[in-house]
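1. Starting from these lines, generate the structure:
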Amino acid sequence: MENIKKYAAEFIGTFWLTLGGCGAAVLAAGFPEVGIGLLGVSLAFGLTVLTMAYAIGHVSGCHLNPAVTVGLAAGGRFPGSQVLPYIIAQVAGAIVGAAVLYAIASGVPEFDAAASGFAANGYGEHSPGGYSMTSAFLCEVVMTGMFLFIIMGTTHGQAPVGFAPLAIGLGLTLIHLISIPVTNTSVNPARSTGPALFAGAWAISQLWLFWLAPLIGGAVGGIVYRWLSPTPMGIVEGGVPSR
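-> Numbering: from 1, shown residues only. Take a look at the predicted model:
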């Protein structure tokens, strides 16, 4: 039952991240003519993580992201036996979040998910700034690695207590400010998968990059921080470090 609650928390949290972050991009970024823009969408993604970290951090660790789960495992903060169930819950939550967003957005008769891009991630002609596959891959690896570095550091047993969600949420906001023009910002394979299923064939064909690059980056970030600060943390179910 305890594990089921953790998986449910990850499902709900990733649902909220996808609906809130991608919803801001799809529904509000350019509304009606001058919307919230890049800054607003970046803040929306950061706020989804910040709010869920306070809401479910004590339940599941609030990963909301397969790359975070893999990175925490690589960094010695999370048991390997729980990686796959967490990822399944996260991907399911992202798909349902994208489905709810699609249902809302379809309330406008002229809405076309494929034509709009539906906040999907892409490279080449599907990159917001026209960036190449190589640039997109490098950006996603580095940004995800730094995200894990922030997460590992702020949840360290010797870090100030209670401020981790703020740092993590603001870190994700900064990552979006940097990389939305490059890839529309993934750093999260689950977040990429949900919208891709509705955006169409091009998004699905490019989805491999938004799984591979974040997983590599997450693992590297976790390993580097583990080397930098090797203080024994213990592996705690749910990913929440012992204090």
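2. which one is the residue nearest the centre of the chain nearest to, not counting chain neighbours?
-> Centroid-nearest residue in the chain: Asn188, 3.7 Å away (criterion: CA atoms, centre = their mean). Among residues not flanking Asn188 along the chain, Asn65 sits closest, at 4.3 Å (CB to CB, 6 or more residues apart in numbering). Any C-beta I mention is one placed from the backbone N, CA and C, and that applies to glycine too.
3. unless I'm mixing things up, the residue nearest to the centre of the chain is touching Ala67, no?
-> Yes - using CB atoms under 8 Å, Asn188 is in contact with Ala67, at 6.2 Å.
4. who touches both of the two?
-> Pro214 (CB atoms under 8 Å, 6 or more residues apart in numbering).
5. residues contacting the residue nearest to the centre of the chain?
-> Contacts of Asn188 (CB under 8 Å, 6+ apart): Leu17, Leu64, Asn65, Pro66, Ala67, Val68, Pro214.
6. Follow the chain on from whichever strand or helix holds the fifth one and name the next helix or strand.
-> By that I understand Ala67. Using DSSP states H and E, Ala67 sits in helix 66-74. Per DSSP H and E, the first helix or strand lying C-terminal to helix 66-74 is helix 83-105.
7. Residues touching that following helix, excluding its own?
-> 3, 6-8, 10-19, 22-23, 26-27, 60, 63-66, 69-70, 73, 111, 113, 116, 118, 189-191, 193-195, 197-198.
8. Mind checking which of these land in helices?
-> If you go by DSSP state H, the contacts of helix 83-105 have 3, 6-8, 10-17, 23, 60, 66, 69-70, 73, 113, 116, 189-191, 193-195, 197-198 in helices.
9. out of the contacts of helix 83-105, which are buried?
-> 6-7, 10-19, 22-23, 26-27, 60, 63-66, 69-70, 73, 113, 118, 189-191, 193-195, 197-198 (16 or more other CB atoms under 10 Å).
10. what residues are up against the closest residue in space to Cys139 that isn't next to it in sequence?
-> With CB to CB, 6+ apart as the criterion, Cys139 has its nearest non-adjacent residue at 4.6 Å, and that residue is Val182. Val182 makes contacts with Ser127, Pro128, Gly129, Tyr131, Ser135, Ala136, Cys139, as judged by CB under 8 Å, 6+ apart.
11. Could you look up the SS state of Val182?
-> Put simply, Val182 is helix when judged by DSSP: H, G, I helix; E, B strand; the rest coil.
12. For it, give its distance to Ala25.
-> 15 Å (CB to CB, to the nearest Å).
13. mean confidence score for the helix or strand hosting Gly171?
-> Element membership of Gly171, judged by DSSP H and E, is helix 164-183. Averaging pLDDT along helix 164-183 yields 97.
14. Same question for stretch 145-153.
-> 97.
15. Now do that stretch: everything it contacts.
-> Here stretch 145-153 has contacts from 67-68, 71-72, 75, 77, 159, 164, 167-168, 171-172, 175, 187, 217-218, 220-222, 224-226, 229, using CB under 8 Å, 6+ apart.
16. again, only this time at 6 Å
-> Gly71, Gly75, Ile168, Gly171, Val187, Gly217, Gly218, Val220, Gly221, Gly222, Tyr225 (CB atoms under 6 Å, 6 or more residues apart in numbering).
17. ok, the first one - how many residues close by?
-> So that's Gly71. If you count neighbours by other CB atoms under 10 Å, Gly71 ends up with 33.
18. Distance check, it against Pro181.
-> 24 Å.
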